[in-house]
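Asker: with the input below, show me the fold.
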Amino acid sequence: MAQAALGAAGLHFDELNKLRVLEPEVAAQTAQLREECRAFVDKTAEFQKIVGSLIELVDQLAKAAESEKMKAIGARNLLKSIAKQREAQEQQLQALIAEKKMQLERYRVEYETLCKIEADQNEFIDQFIFQK
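Answerer: Numbers count the residues shown, from 1 in each chain. Below you'll find the predicted structure:
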């Protein structure tokens with residue numbers, strides 16, 4: 001009867017016979033909820049830690065990818081510049097070949113002219129010798 005009167009007043013005894021304001025079932029549910037909340041907070045903290053390490057890893061991979069991208073761009077630009085240098089060198093060599101061909105043609109014409117002059121002089125010498 002005393003418990004009923006206390007229960008009507010909102011006071012209850014727990015399993016250790018201590019006077020409580022909450023009902024024992026509500027207190028047990030509150031304690032269980034508190035433990036679930038702690039577990040949830042712990043899991044949330046662990047999740048944040050995992051996500052933080054994942055973000056750090058993704059950032060490192062992004063930096064590595066950016067670095068490789070810059071290396072590839074540098075290599076491509078170097079390859080283009082080497083190709084342009086070779087093209088310029090090829091043009092210079094083609095011009096040198098054309099110049100040497102022209103020089104060869106001049107020398108050939110000069111040689112033919114000199115051969116003709118030599119033949120004329122030899123003919124003159126032969127005629128001069130035969131006239132004596």
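
Asker: in stretch 85-103, what's buried?
Answerer: Using 16 or more other C-beta atoms under 10 Å as the test for burial, stretch 85-103 gives no buried residues. Every C-beta, even on glycine, is put in place using the N, C-alpha and C of the backbone.

Asker: which neighbouring elements make contact with the longest helix seen in the chain?
Answerer: Taking DSSP state H as the criterion, the chain has its longest helix at helix 24-131. Helices and strands touching helix 24-131, by 3 or more C-beta pairs under 8 Å, 6 or more residues apart in numbering; DSSP states H and E: there are none.

Asker: and that helix, how far out from the chain's middle?
Answerer: 14 Å (C-alpha atoms, centre = their mean, to the nearest Å).

Asker: mind checking the pLDDT average for it?
Answerer: Taken as a whole, helix 24-131 carries a mean pLDDT of 95.

Asker: I'd like the distance between the residue nearest to the spatial centre of the chain and residue 82.
Answerer: In the chain, the centroid-proximal residue (C-alpha atoms, centre = their mean) is residue 69; its distance is 2.0 Å. Here residue 69 is placed at a distance of 20 Å from residue 82 (C-beta to C-beta, to the nearest Å).

Asker: what does residue 56 give?
Answerer: For residue 56, the distance to residue 82 - C-beta to C-beta - is 39 Å.

Asker: ditto for residue 27
Answerer: Distance from residue 27 to residue 82, by C-beta to C-beta: 81 Å.

Asker: compare these two (neighbour count), which wins?
Answerer: residue 27 (14 against 10; other C-beta atoms under 10 Å).
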